Structures are given as structure tokens and as C-alpha cells.
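Engineer: Below is the structure, and that's it, no one-letter string:
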Ligand SMILES: Cc1cc2nc3c(=O)[nH]c(=O)nc-3n(C[C@H](O)[C@H](O)[C@H](O)COP(=O)(O)OP(=O)(O)OC[C@H]3O[C@@H](n4cnc5c(N)ncnc54)[C@H](O)[C@@H]3O)c2cc1C
């Protein structure tokens, strides 16, 4: 097989990138080891800032047709205190959406693959990445895939993109993947029926972990439990329902939410969750989305990072494919845009993770946010990606914050 770009992994990052480059007229292969639709362990909450990216992909109507639930903010619980933050109120200049959405990943991701195929990408489901190919000069010149019948398939590509998620084999093959030892977490996810739908996503914090949940299409309740991986070793019985219920005494409000619920999908686990990479661009290859690294699902920003990264890498590859002499500069621009847009958010997320280790801090913050809802709005808006952390340095942002504060309600 021959192509301009081989994209490995058809999550939001890979499909969005494949759609963009195929629409630009390049020959694109989009390969995934799974047949679609496939599940992906996720909180299934798309932050408000995803909306313009879906628009640009021409996927807004197809996503709307799936019946996503609007998510207007987040209810934060912890240590007996509760606060609610909404996305409205603190929207910065040019912001487009006042709400995020809750949608099952199996259906959402399939819509993005359709967008890539409609744009002209060639779709290769059940094609697993096995290894990179290099030219005599050491430049990456393609990849070996394993097809549905198990036979190896050699694929020559001017560029290979690793969009193969948080446990990226391409990042590992490139020697740039590193664990984040201080954040060794594990997540369990499942869907539930018969839970009262609410317009706010919810997070229930407890020492060492949290429950996060969102109502998604079909009125299902998408539930995540995130705990340190070492708690798995302390697990007494191989009964995941009992394991999850064992955390309700530390998050009683969440236990009550699930009291009459019926689980509709098996528990699925994923971990470790946190990785970083030491480089994202290479001669003939690049990483995008979770393959570049991931920290923690608490702030629910991963899909936005994937869509943002796909657009930025799409711009860079467009330039590099048109004029190979400019490839180095184009890839440097991709790295710089990631550093500008994503790195500060990851730094904020890391600071939040560290703060969560101090119950007195969490309790104090939630109590303040319960009294002063604009504070909860601020946190939710920051983690919903509608406000970039750099806005916090602008006096105009704080003027808008003060003006909006009285209008917000718990
Ligand atoms: C528990 C949990 C909850 C989360 N909740 C949220 C949330 O509510 N909101 C949010 O925005 N983000 C959330 N995230 C993060 C979000 O799921 C990811 O950031 C997002 O899916 C990244 O998209 P991606 O395209 O980079 O990778 P993925 O969506 O992981 O897609 C990678 C694709 O690569 C394929 N693949 C992997 N290996 C190979 C291989 N060797 N060969 C071929 N194909 C391969 C996989 O099958 C998969 O389809 C959560 C993450 C976790 C773990």
C-alpha cells in the first residue's frame, strides 16, 4: 500500500486528521486495530470548545442526530460539600458554546470515521500497527500493519501519524513514551439506566480518587470510577460491582444516585492512565491526541485536545506535504501550538491533581464555591476549555468575571 499519510488510530484525533488531509486532496489511509463501532473507556463528555471543531469537520448535524444530552456545567461534590458551576456567565470573547454534550463514544467516534471516509480517506478497520519502516537515511517511510487475516501488510507513506491513544505503540516504537509515576491511576467505566437525568455532569471527590458521571444519548448514565492502581491489589473479590460499591461510603451522594440504577454494559477497565512523551514530531512521523501523552480524566478535556491537535497537525502536514523543504518549520509550528494551547492546561490539570491530595484544600475550595457560585463557574469554564488559563492574566477577564458573578446562581 502507498499513501501520502498513514494515520494509525481512528479515535477523534486520527479521524479528524484523516478527514482534514483527505479533504485537502492528499491520499490518506486511516487504520484501526478495532472494527467500528467500538467502545472506548471514557467519561463521554465533550467540552463546549469541541463544537467549532465538529463544525469544521461537517459533523455537527450527524452528531446532533445521535441525540446527545446537553451538559450545562458540572456539580462538584466532596467531603460532604457540594457546589455547581456552569459554562455560561464567563464566556470569553469569541466563545461559541454555552454547553458541552454527553454522547456515547462508540457512536461519536463512528461519526468521525464516516466524516473521514466521506472526505476521501481510505478506511482500514481491524488493521493493527506492528512496526515502523525506515529508509536508508533513518527517516520513517511507512509502517507494517497486521490485517484482519493476521497477514502483515507493508504500507509506504510520506508521513506516518501515531493517533493510537494513550498506550501508543508508535510512541513506544519511537522511544519517547514515559510513565508519570506520581499519578498511577486506573479507571472503571460502565453505563447505567434508570438514573434521573440532570443537566450538569457530576464529580464526586474522595481521598485518593473520584467518581465522574454524565448523562449521554438514550438517557444512559455514563459512570467512571478513578482510583490509584494499587487499590486493585487490595481488591478482595473479583466482583467489580462490589468493588465499585465499596467506594460509596466515601461518596454517599453518588451511591444514592445509583441506588435504583441498572447497569447496562459490563465494567471496562483501563490503566495506567498517565503518560507523557519527550517529542511529538520526527523525520517522517508525528504523534497526535493521547499518543502525545495524557494525564487524568478529571477535567474531561481529552477529546478537545485530540481535536485541537488534529487541526494543528493537519495545518503542519498540509505545509510539509506541499513543500517538503519546509517540513521542519511546519512541524516546529505544530509543537509550538501544542505548547501554547495544551501544555498550560496540562500544567493546570497536574496542579489540580496535586491539590486533590489535600482534603482540607478540597473541602475549603468546595465550601467557598458553594457560597460564591462564580468561583465554581470559573473552575468549570477553565476545565471546559472555554477559557484558556492565560486569560487569568488579563485584567479584562477579571472585569468580566466580576460583572458576571452576581448573575450566576447555584
Ligand atoms: C476513564 C476515562 C475517562 C475520560 N473521560 C473523558 C471525558 O469525559 N471527556 C474527554 O474529553 N476526555 C475524556 N477522556 C480522555 C479521552 O477519552 C481521550 O483523550 C480521547 O479519546 C483521545 O482521543 P485519541 O483519538 O487520541 O485516542 P483514542 O480515542 O484512544 O483512539 C485511539 C485509537 O487507536 C486505536 N489503536 C490503538 N492501538 C492501535 C494499534 N496498535 N494499531 C491500530 N490501532 C490502534 C484504538 O483502537 C483506538 O480506536 C477520558 C479518558 C479516560 C481513560
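Structural biologist: Sure, I can see it. A quick note: this is a predicted structure, and the numbers were derived from the prediction, not measured. Numbers count the residues shown, from 1 in each chain.

Engineer: How about the residues of the stretch 101-250 of the chain by the ligand?
Structural biologist: With C-beta under 6 Å from any ligand atom as the criterion, the stretch 101-250 of the chain comes near the ligand at residues 128-129, 163-165, 169, 187, 189, 224. For every residue, glycine as well, the C-beta is placed using N, CA and C.

Engineer: Filter the residues you listed down to just the ones in helices.
Structural biologist: residue 169 (DSSP state H).

Engineer: of the residues of the stretch 101-250 of the chain next to the ligand, closest to residue 259?
Structural biologist: Of all those, residue 224 has the smallest distance to residue 259: 18.3 Å, by C-beta to C-beta.

Engineer: in the chain, what secondary structure element scores lowest on mean pLDDT?
Structural biologist: Ranking every helix and strand in the chain by mean pLDDT, DSSP states H and E puts helix 395-404 at the bottom, with a mean of 76.

Engineer: Who are the packing partners of that one?
Structural biologist: When contacts are defined as 3 or more C-beta pairs under 8 Å, 6 or more residues apart in numbering; DSSP states H and E, helix 395-404 sits against helix 373-383.

Engineer: Okay, angle between the helix it packs on and helix 395-404 too, please.
Structural biologist: Per axes from the mean of the first three to the mean of the last three C-alpha atoms, to 10 degrees, the angle that helix 373-383 makes with helix 395-404 is 130 degrees.

Engineer: Check the average confidence over stretch 357-372, would you?
Structural biologist: Averaged across stretch 357-372, pLDDT comes to 91.

Engineer: for stretch 210-228, same thing?
Structural biologist: Stretch 210-228 shows a mean pLDDT of 96.

Engineer: what do you get for stretch 280-293?
Structural biologist: On average, stretch 280-293 scores 98.

Engineer: Could you pull out the buried residues of it?
Structural biologist: 280-282, 284-293 (16 or more other C-beta atoms under 10 Å).

Engineer: Determine the longest helix present in this structure.
Structural biologist: As assigned by DSSP H, the longest helix anywhere in the chain is helix 302-322.

Engineer: ok, residue 227 touching residue 247?
Structural biologist: Yes - counting by C-beta atoms under 8 Å, residue 247 is a contact partner of residue 227 at 7.2 Å.

Engineer: quick revisit: could the residues of the stretch 101-250 of the chain next to the ligand go into a markdown table alongside neighbour count?
Structural biologist: Shown next, in a markdown table, are these (neighbours: other C-beta atoms under 10 Å):
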| residue | neighbour count |
| --- | --- |
| 128 | 19 |
| 129 | 23 |
| 163 | 32 |
| 164 | 28 |
| 165 | 24 |
| 169 | 20 |
| 187 | 22 |
| 189 | 25 |
| 224 | 23 |
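
Engineer: Closest to residue 267 out of the residues of the stretch 101-250 of the chain next to the ligand?
Structural biologist: For those, the closest approach to residue 267 (C-beta to C-beta) belongs to residue 189, at 7.2 Å.

Engineer: OK, contacts around that closest one?
Structural biologist: Contacts for residue 189 (C-beta atoms under 8 Å, 6 or more residues apart in numbering) come out as 41-43, 222-225, 267-270.

Engineer: what about 7 Å?
Structural biologist: By C-beta atoms under 7 Å, 6 or more residues apart in numbering, the contact list for residue 189 reads 41-42, 223-224, 268.

Engineer: Please name the bridge partners of it.
Structural biologist: Under the criterion DSSP bridges, residue 189 forms beta bridges with residue 224, residue 268.

Engineer: From residue 397, how far out is it?
Structural biologist: 35 Å (C-beta to C-beta, to the nearest Å).

Engineer: Give me the nearest residue to residue 14, chain neighbours excluded.
Structural biologist: Ranked by C-beta to C-beta, 6 or more residues apart in numbering and with sequence neighbours excluded, the top spatial neighbour of residue 14 is residue 163, at 3.2 Å.

Engineer: wait, that neighbour sits on residue 12?
Structural biologist: No - Residue 163 is beyond contact range of residue 12, at 8.8 Å (criterion: C-beta atoms under 7 Å).

Engineer: got any residues that touch both of those two?
Structural biologist: Joint contacts of residue 163 and residue 12 (C-beta under 7 Å, 6+ apart) are residue 289.

Engineer: mind listing what residue 375 touches?
Structural biologist: Residues near residue 375 by C-beta under 7 Å, 6+ apart: 368-369.

Engineer: right, and residue 183 touches residue 294 too?
Structural biologist: No - with contact defined as C-beta under 7 Å, residue 183 does not reach residue 294; the gap is 10.1 Å.

Engineer: Now do the shared contacts for those two.
Structural biologist: Shared contacts of residue 183 and residue 294 (C-beta under 7 Å, 6+ apart): residue 274.

Engineer: Who has more neighbours out of those two?
Structural biologist: residue 294 (25 against 17; other C-beta atoms under 10 Å).

Engineer: what's that one in contact with, if anything?
Structural biologist: 166, 273-275, 302.

Engineer: What is the nearest of those residues to the ligand?
Structural biologist: residue 302 (1.9 Å; C-beta to the nearest ligand atom).

Engineer: still on that earlier bit, now find how far off-centre the least confident helix or strand of the chain is within its chain.
Structural biologist: The chain centroid and the centroid of helix 395-404 are separated by 29 Å under C-alpha atoms, centre = their mean, to the nearest Å.
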